[in-house]
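Asker: next come a sequence and a model predicted from it.
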Amino acid sequence: MEVWPAIASERKSLVGALAELPPDAWGRPSLYPGWTVRDVVAHLVATSRMTPPAFAGKLARARFRFHEMSRREIEGITAGASDAELVDALAARVDARTAPPGPALSWLGETVVHGEDVFRALGHYREHPREHLVAVADFYASSNMLIGAKKRIDGVRLRATDAEWTHGSGPEAAGPMIALVMAMTGRGIACDDLTGEGVATLRGRS
């Protein structure tokens, strides 16, 4: 699978879904702590505009506090922008290949997960190509970068019920691939969409 075309596909799909949101959805909390739907979309725009040198400079100006840097970026993009303008801003970045430092798979994961920070918070998951979710799950299962997914799933057997995918050993947590991905990244609500004795472990590590 080519990663950047997959990212573009996920962005395009997300833009279409965001364009259909009712006005009252944009100020609602997302799954990301402290961020509204507007904040999540602004963060995705900011990430798509970032370059490694810009990231280093902005992180230094935020005294190496990643969340402070993210807050400043979000505020800069949302200030004075309408919801429709945020959708347009993300649409303009669908094919962009600029990003902070990190492997391209991390930005595919960011697009999928932050998109579901919006839509799972609003009550439902969106559809994603199976190969995108498998690639993201494999990446998170082997990485502790930023979100600590590898450590979070240690000692739990993950099993997808809608794909031929498993990982790890121990008490099982089973469910749709998208729910497994979200649980791996610490979204506790995704544990409601899983079954098995391993779910309690994942929930306790969210």
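Answerer: Now that the structure is in, tell me what you want to look at.
Asker: just how off-centre is stretch 126-142 within its chain?
Answerer: Distance, stretch centre to chain centre, for stretch 126-142: 11 Å (CA atoms, centre = their mean, to the nearest Å).
Asker: now stretch 68-78
Answerer: On CA atoms, centre = their mean, the centre of stretch 68-78 falls 17 Å from the chain's centre.
Asker: got it, and stretch 17-31?
Answerer: For stretch 17-31, the distance to the chain centre is 16 Å (CA atoms, centre = their mean).
Asker: helix or strand: which one has L90?
Answerer: Using DSSP states H and E, L90 sits in helix 83-91.
Asker: buried set for that helix?
Answerer: Buried residues in helix 83-91, counted by 16 or more other CB atoms under 10 Å: 83, 86-87, 89-91. For the C-beta atoms, the positions are set from N, CA and C on the backbone; glycine is no exception.
Asker: any chance of those in CSV, plus pLDDT and distance to S30?
Answerer: Output for the buried residues of helix 83-91, formatted as CSV (pLDDT from 0 to 100; distance: CB to CB, whole Å):
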residue, pLDDT, distance to S30
D83, 97, 14
L86, 98, 13
V87, 98, 15
A89, 98, 17
L90, 98, 15
A91, 98, 19
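Asker: nearest to T47, of these?
Answerer: Comparing the buried residues of helix 83-91 against T47 with CB to CB picks out L90 as the nearest, at 10.3 Å.
Asker: OK, contacts around that closest one?
Answerer: 11, 14-15, 18, 41, 44-45, 48 (CB atoms under 8 Å, 6 or more residues apart in numbering).
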